[in-house]
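>>> Okay, sequence plus prediction incoming.
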Amino acid sequence: MPVPPLRGAAAGGRGHLNLSLLADRCSTLRSLTVVHAAMLVSGRLASDAFAASRLLDAYTAFSPPATVLRLLSSLPYAPNTFMLNTSLRALASSPDPAFALAFFSQLRRSGSTSYSPGRHTFPFLLKASARLPLPVSRQIHALVLKHGLDRDTYVANGLVRAYSVAGRVRVAQQVFDELPERSTVVYTTMVSGYSQNGRYEESMGAFDDMLDEGFEPGPVVLASVLSACARSESGGLVMGRRVHGIMEQRGMAAPVGVILGTALVDMYAKNGAIDEAVKVFKGMPQRHTATWNALISGLAHHGHGDDALAMFRQMQREGVPPNATTLVRVLSVYCHTGQLGEARRVFASMEDFGVTPSIQHYGCMVDLLGRSGLLSEAEEMIRGMTCKADTAIWGALLTACKNHGDVDVAERAVQEMLKLDPNNHGVYVVLSNVYADARRWQDVDRLRKVMKGAQLSKIPGSSTVDGCDDG
């Protein structure tokens, strides 16, 4: 990209103002460094805090936090609150947000009279705390209260988000409930927080309240409530259709964009409204892999396996690359329909799609091989996996051994399961049943003595794996 023109930049007055404006308009690091150099040559950086503030702010978009801090420390005067908050923002968005908290602690310890945390400080700190495993949000909340900012919607929004990310939804709700005035932004955060924490009915209820209070819903909150509608056990489809109607009334569904379109397809498909899901899907001018996944998953989950496979073939014809989720769903359909040959073909072609098989893909194949009676091949696949086997996949093999009466493979599967989970007493019951089916009564008696010696109670039999789960 061309470097912004600097004609007259080193002159006084208007030229100085132009440098600040140029810093704001830079779209590449190269162009920004040219502006930075001009500020140094003109002496602007050493004498004008406003220019330094704009330059610092511009650097946060292109440079690592260390660069921002070096610029901050090079200034010959005490940085103002805007500069310090800008540095906090850069640190909070960095790969290691703990530096934002350390920087803030340093500012407080220094006792700088030029810095007082305010409504633009705490949201950056809360953004950092939300990305850390440390329970620091409570401490920041205490500082918010100390500075009298707990009723500020901008700060409160940061608190609601931080507590929601940490899974402390009730505390987030308390902050939200105590606000004397709310905004579209804080409502959006609360609706999203409920949805992301599995409180789907509460998410839909908060969205209802948002509408009742006259706030205009934007794309983010609509996507969040649609996600809740897709997963709710009660009233999801009714609310989802209502949300769709709101989108149509506001011109957001003609045509619908990728994000909201995918959310609608997912909502309808998960609720079993397949015709409506297909209608939305076909009306989308652009579709993402996630859009195809939503429809394929819904078709598969609601018993339309052939349609799901047809959609997968159409996806390939249109040149849309499947991802790991797509292939789990497709293998799941093949598993339930017993199409071993097709499953082998898709599994063998996974790396052609740039997908490395995960435990879920192997689980589908092991389940299908087990159902087909190819127990030795299934065992060989488990032992050759590129990821670590777990008790679920060995359990799938053990279940297949019971169904097909293969004692030898069953014994080896039990050994592997007990290595991974010595307290998995249920495997003894399954193995005892395998021995009984094979009329190996001595082995049944021997195993019962082992169980009695270890004081193991009989555990009701259950499927130890859902290798082809559609969930």
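Noted; the coordinates are in hand.
>>> going forward, measure contacts between C-alpha atoms and count neighbours the same way
OK.
>>> wait, what's in contact with the closest residue to residue 299 other than its chain neighbours?
Spatial nearest neighbour of residue 299, chain neighbours left out: residue 308 (5.3 Å); criterion: CA to CA, 6 or more residues apart in numbering. By CA atoms under 8 Å, 6 or more residues apart in numbering, residue 308 lies in contact with 295, 296, 297, 299, 300, 330, 333.
>>> if I look at residue 308, how far off is residue 315?
10 Å (CA to CA, to the nearest Å).
>>> Please enumerate the helices of the stretch 201-350 of the chain.
Assigned by DSSP state H, counting those that start in this stretch, the helices in the stretch 201-350 of the chain fall at 219-231, 236-249, 258-270, 274-283, 289-301, 305-317, 324-337, 340-348.
>>> Check those for me and report the most buried one.
Greatest average neighbour count among the helices of the stretch 201-350 of the chain goes to helix 258-270 (a mean of 26), per mean count of other CA atoms under 10 Å.
>>> who's in contact with it?
So helix 258-270 is contacted by 219, 222-223, 226-227, 229-231, 237, 240, 244, 253, 274, 276-278, 280-281, 284, 286-288, 290-291, 294-295, 297-299, 301 (CA under 8 Å, 6+ apart).
>>> Let's see that with 6 Å instead.
With CA atoms under 6 Å, 6 or more residues apart in numbering as the test, helix 258-270 has contacts from 223, 230, 277, 287, 291, 294, 298.
>>> tell me the two of those that are most distant?
Greatest spacing in those, by CA to CA: 230 and 287 (18.8 Å).
>>> Dump the contacts of helix 258-270 to JSON lines, plus distance to residue 444 and pLDDT.
Below are the contacts of helix 258-270 laid out as JSON lines (distance: CA to CA, whole Å; pLDDT from 0 to 100):
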{"residue": "223", "distance to residue 444": "56", "pLDDT": "97"}
{"residue": "230", "distance to residue 444": "47", "pLDDT": "97"}
{"residue": "277", "distance to residue 444": "52", "pLDDT": "97"}
{"residue": "287", "distance to residue 444": "57", "pLDDT": "95"}
{"residue": "291", "distance to residue 444": "51", "pLDDT": "97"}
{"residue": "294", "distance to residue 444": "47", "pLDDT": "97"}
{"residue": "298", "distance to residue 444": "44", "pLDDT": "96"}
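>>> Kindly present the residues you listed as CSV, with separate columns for distance to residue 178.
Shown next, in CSV, are these (distance: CA to CA, whole Å):
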residue, distance to residue 178
223, 26
230, 29
277, 39
287, 41
291, 38
294, 38
298, 40
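>>> which element follows the helix or strand of the chain with the lowest mean pLDDT toward the C-terminus?
Using mean pLDDT, DSSP states H and E, the weakest-scoring helix or strand in the chain turns out to be helix 14-25, at a mean of 67. Scanning forward in sequence from helix 14-25 by DSSP states H and E, the next helix or strand is helix 29-42.
>>> Using PDB, write out the CA atom coordinates for that next one.
What follows is helix 29-42, C-alpha atoms only, in PDB (Å, rounded to 0.1, in the frame of the first residue of the first chain):
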ATOM      1  CA  LEU A  29       3.100  -0.800   9.700                       C
ATOM      2  CA  ARG A  30       5.400   0.500   7.000                       C
ATOM      3  CA  SER A  31       3.300   3.700   6.500                       C
ATOM      4  CA  LEU A  32       3.000   4.200  10.200                       C
ATOM      5  CA  THR A  33       6.800   4.000  10.700                       C
ATOM      6  CA  VAL A  34       7.200   6.700   8.100                       C
ATOM      7  CA  VAL A  35       4.800   9.000  10.100                       C
ATOM      8  CA  HIS A  36       6.700   8.100  13.300                       C
ATOM      9  CA  ALA A  37      10.000   9.100  11.700                       C
ATOM     10  CA  ALA A  38       8.500  12.400  10.500                       C
ATOM     11  CA  MET A  39       7.300  13.100  14.100                       C
ATOM     12  CA  LEU A  40      10.700  12.500  15.400                       C
ATOM     13  CA  VAL A  41      12.400  14.700  12.800                       C
ATOM     14  CA  SER A  42       9.900  17.500  13.400                       C
END
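>>> got the buried residues for it?
Under the neighbour-count criterion of 16 or more other CA atoms under 10 Å, helix 29-42 has 31, 32, 33, 34, 35, 36, 38, 39, 42 buried.
>>> now, which of those sits nearest residue 57?
residue 32 (11.0 Å).
>>> Could I get the buried residues of helix 29-42 in CSV, plus columns for pLDDT and distance to residue 107?
CSV is the format used below for these (pLDDT from 0 to 100; distance: CA to CA, whole Å):
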residue, pLDDT, distance to residue 107
31, 86, 31
32, 85, 28
33, 87, 28
34, 88, 31
35, 85, 29
36, 88, 26
38, 87, 30
39, 84, 27
42, 83, 30
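>>> Same list, the residues you listed, but as JSON lines with distance to residue 180 please.
Formatted as JSON lines, those follow (distance: CA to CA, whole Å):
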{"residue": "31", "distance to residue 180": "45"}
{"residue": "32", "distance to residue 180": "43"}
{"residue": "33", "distance to residue 180": "46"}
{"residue": "34", "distance to residue 180": "48"}
{"residue": "35", "distance to residue 180": "45"}
{"residue": "36", "distance to residue 180": "44"}
{"residue": "38", "distance to residue 180": "48"}
{"residue": "39", "distance to residue 180": "46"}
{"residue": "42", "distance to residue 180": "49"}
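>>> Nearest to residue 168 among these?
Among the buried residues of helix 29-42, and counting by CA to CA, the member closest to residue 168 is residue 32, at 41.4 Å.
>>> ok, now which ones touch the closest one?
Residues in contact with residue 32 (CA under 6 Å, 6+ apart) are residue 26.
>>> which stretches of this protein have low pLDDT?
The chain contains residues with pLDDT under 70 at 1-17, 111-115, 134, 454-471.
>>> Residue nearest the middle of it, spatially speaking?
residue 196 (9.0 Å; CA atoms, centre = their mean).
>>> For residue 316, see how far away residue 343 is.
For residue 343 relative to residue 316 (CA to CA), the value is 16 Å.
>>> repeat for residue 107
Distance from residue 107 to residue 316, by CA to CA: 56 Å.
>>> okay, now residue 349: neighbour count?
Residues near residue 349, counting by other CA atoms under 10 Å, number 12.
>>> From residue 376, how far out is the residue nearest to residue 299?
30 Å.
>>> Equivalent analysis for residue 171, please.
From residue 171 to residue 376 the distance is 53 Å (CA to CA).
>>> for residue 343, same thing?
Distance, residue 343 to residue 376, by CA to CA: 18 Å.
>>> Need phi/psi at residue 102.
Phi and psi for residue 102, reported as degrees, to the nearest 10, are phi -60, psi -40.
>>> for this structure, what spans make up the strands?
Read by DSSP state E, the chain holds no strands at all.
>>> excluding its backbone neighbours, what's nearest residue 328?
Among residues not flanking residue 328 along the chain, residue 361 sits closest, at 5.5 Å (CA to CA, 6+ apart).
>>> now do residue 64
Nearest non-adjacent residue to residue 64, counting by CA to CA, 6+ apart: residue 94, 7.3 Å away.
>>> That neighbour - how many residues pack around it?
Number of residues near residue 94 (other CA under 10 Å) recorded here: 18.
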